[in-house]
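# Build me a structure from this.
(2 chains)
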Amino acid sequence: MNLIMGDLSCYGQCLRSWAPFVASFIILSIALISISLMLSNPRKRLRIFLFAQLSGIIAIALTYYIMECSEMLSLFLYSAFLAVSNLIIFGVLRYYDRIIIRKLEAKPAGRLLNWTQEFVDMLTSAKLYYFDSAIPRAFASGKSIFISIGLLEILDDDELKAVLAHEAWHIRHNSGMPFMKQLALMAFSSSADPKLECMADRFAAQIAGSEALLSARNKVDKVFI
Amino acid sequence: MVKIDQINISNDGLTKFFSPIEAAILRALWAEGEMTTSELTGKTNIPLTSVAGTLDRLVKAGYTTRRTEKVNGRVRYMYEPVFTEEEAASEITTKILDSLVETFGPLAVENFSKYSDKK
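Presented below is the predicted three-dimensional model:
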């Protein structure tokens, strides 16, 4: 521990008065990455993410040019930057549904309609949540499925089963999806992949019947992904 | 709440202060008191896809409240207006008068008294 602190203070001296300047770029970069992952608009998210990378690179470049004694710090900074940004991205991917639950103030749907959680349990291991919105919507993230009250209002039980089966398929498929693809889908696009949607629909038709699926699709036209 | 920058004097009736859909929803709620989503779409004759987002906005802005009800195993919203029509009118007038006085000062006040004298 002492060794690390000693190293850090040595780096601080080498950077002289620039140390807080470099540090602020590093902090900015980490903050921007966290912000970018919480945005829902994919274009904004990409932009903030690029700014985060940029400020990380600026911090590393600054260190490289300002350093007087050793150039190890730029290497050290770079690895720290990689480690921290990966940690944040992994962490957010793992806990992304928790963020959504808090953002939407979602509550367990089993409390509202008992059979819905039981139905989902039969298909996959996921928790079903409902959130307060009149707009009919359903989507899956991580190990959670989200449905709006607006959706519950307009669908009958069979149609709801079709939607839940569709989302359950996404959860099943998510766990088998390569990590990078999941990340890319989550980070940079909000629109659904039509191939995946088609497969999810096929599964939903098997479980709840194609009639129920079709009438659910007609009622909510493109609002469950 | 009514936002001053969204006021459009050249529109008709309530749409001076609200969007046409917001106005239709508020009028229906003021007339009926309590309504479900399907009653609202029926009464206003506006499809759910257009009404749903506006309802979320009106709730968020504090013009209406809604509670979830369970009837025969079906979940539904029940909407209720927060303000009466008179309360909304008084809020709107106060806001506009405030902004007029802020911009024109004594001149605005002078015109108000002239106006009420005329009445």
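# what sits up against stretch A:28-36?
A:45-46, A:48-49, A:51-53, A:55-56, A:59, A:81, A:84-85, A:88-89, A:92, A:187 (C-beta atoms under 8 Å, 6 or more residues apart in numbering or on different chains). Any C-beta I mention is one placed from the backbone N, CA and C, and that applies to glycine too.
# Buried residues, it. List them.
A:28-30, A:32-34, A:36 (16 or more other C-beta atoms under 10 Å in any protein chain shown).
# Any chance of TSV for those, columns pLDDT and secondary structure?
Output for the buried residues of stretch A:28-36, formatted as TSV (pLDDT from 0 to 100; DSSP: H, G, I helix; E, B strand; the rest coil):
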residue	pLDDT	secondary structure
A:28	88	helix
A:29	84	helix
A:30	83	helix
A:32	87	helix
A:33	80	helix
A:34	80	helix
A:36	78	helix
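# tell me which of these is nearest to residue A:63?
residue A:29 (13.0 Å; C-beta to C-beta).
# Kindly provide the distance from the closest one to chain B.
Look at residue A:29 and chain B: by C-beta to the nearest C-beta, to the nearest Å, they are 33 Å apart.
# List only those of the contacts of stretch A:28-36 flagged as buried.
A:45, A:48-49, A:51-53, A:55-56, A:59, A:81, A:85, A:88-89, A:92, A:187.
# Chain B: which of these is nearest?
For the buried ones among the contacts of stretch A:28-36, the closest approach to chain B (C-beta to the nearest C-beta) belongs to residue A:45, at 22.0 Å.
# Tell me how far that closest one lies from residue A:217.
Distance, residue A:45 to residue A:217, by C-beta to C-beta, to the nearest Å: 28 Å.
# Residue A:36 too?
Using C-beta to C-beta, residue A:36 is found at 33 Å from residue A:217.
# now residue A:147
For residue A:147, the distance to residue A:217 - C-beta to C-beta - is 15 Å.
# So which of those two has more stuff around it?
When residue A:147 and residue A:217 are compared for neighbours, residue A:147 comes out ahead with 27 against 18, by other C-beta atoms under 10 Å in any protein chain shown.
# The more buried one against residue A:140, yeah?
No: between residue A:147 and residue A:140 there is no contact under C-beta atoms under 8 Å: 10.0 Å.
# what sits in contact with each of the two?
With C-beta under 8 Å, 6+ apart, residue A:147 and residue A:140 have common neighbours residue A:167.
# Residue B:69 should be in a helix, yeah?
No: read with DSSP: H, G, I helix; E, B strand; the rest coil, residue B:69 is strand and lies in no helix.
# Low-confidence bits of the chain, can you list those?
Using chain A here. Residue ranges of chain A with pLDDT under 70: A:1-4, A:7-8, A:11-12, A:14-16, A:40-42, A:67-74, A:89-90, A:92-93, A:175-193, A:221-225.
# wrong chain, I was asking about chain B
B:1-5.
# And the helices in it, which stretches?
For chain B, applying DSSP state H gives helices covering B:20-32, B:37-44, B:48-61, B:85-104, B:106-118.
# Adding mean neighbour count, write those helices out as JSON lines.
Listed next are the helices of chain B as JSON lines, based on neighbours: other C-beta atoms under 10 Å in any protein chain shown:
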{"stretch": "helix B:20-32", "mean neighbour count": "19"}
{"stretch": "helix B:37-44", "mean neighbour count": "18"}
{"stretch": "helix B:48-61", "mean neighbour count": "18"}
{"stretch": "helix B:85-104", "mean neighbour count": "13"}
{"stretch": "helix B:106-118", "mean neighbour count": "10"}
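# would you list those helices in a markdown table and tack on distance to chain A?
Listed next are the helices of chain B as a markdown table, based on distance: least, C-beta to the nearest C-beta, whole Å:
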| stretch | distance to chain A |
| --- | --- |
| helix B:20-32 | 11 |
| helix B:37-44 | 6 |
| helix B:48-61 | 4 |
| helix B:85-104 | 21 |
| helix B:106-118 | 40 |
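# Relative to residue A:201, which of the ones you listed is closest?
That would be helix B:48-61 among the helices of chain B, by C-beta to C-beta, at 20.6 Å.
# tell me what the closest one is packed against?
helix A:149-154, helix B:20-32, helix B:37-44, strand B:64-71 (3 or more C-beta pairs under 8 Å, 6 or more residues apart in numbering or on different chains; DSSP states H and E).
# Distance to residue A:102 added to these, as a markdown table?
Below are these laid out as a markdown table (distance: least, C-beta to C-beta, whole Å):
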| stretch | distance to residue A:102 |
| --- | --- |
| helix A:149-154 | 18 |
| helix B:20-32 | 29 |
| helix B:37-44 | 26 |
| strand B:64-71 | 20 |
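# Which one, of the helices of chain B, ends up nearest to residue A:169?
Nearest of the helices of chain B (C-beta to C-beta): helix B:48-61, 25.2 Å.
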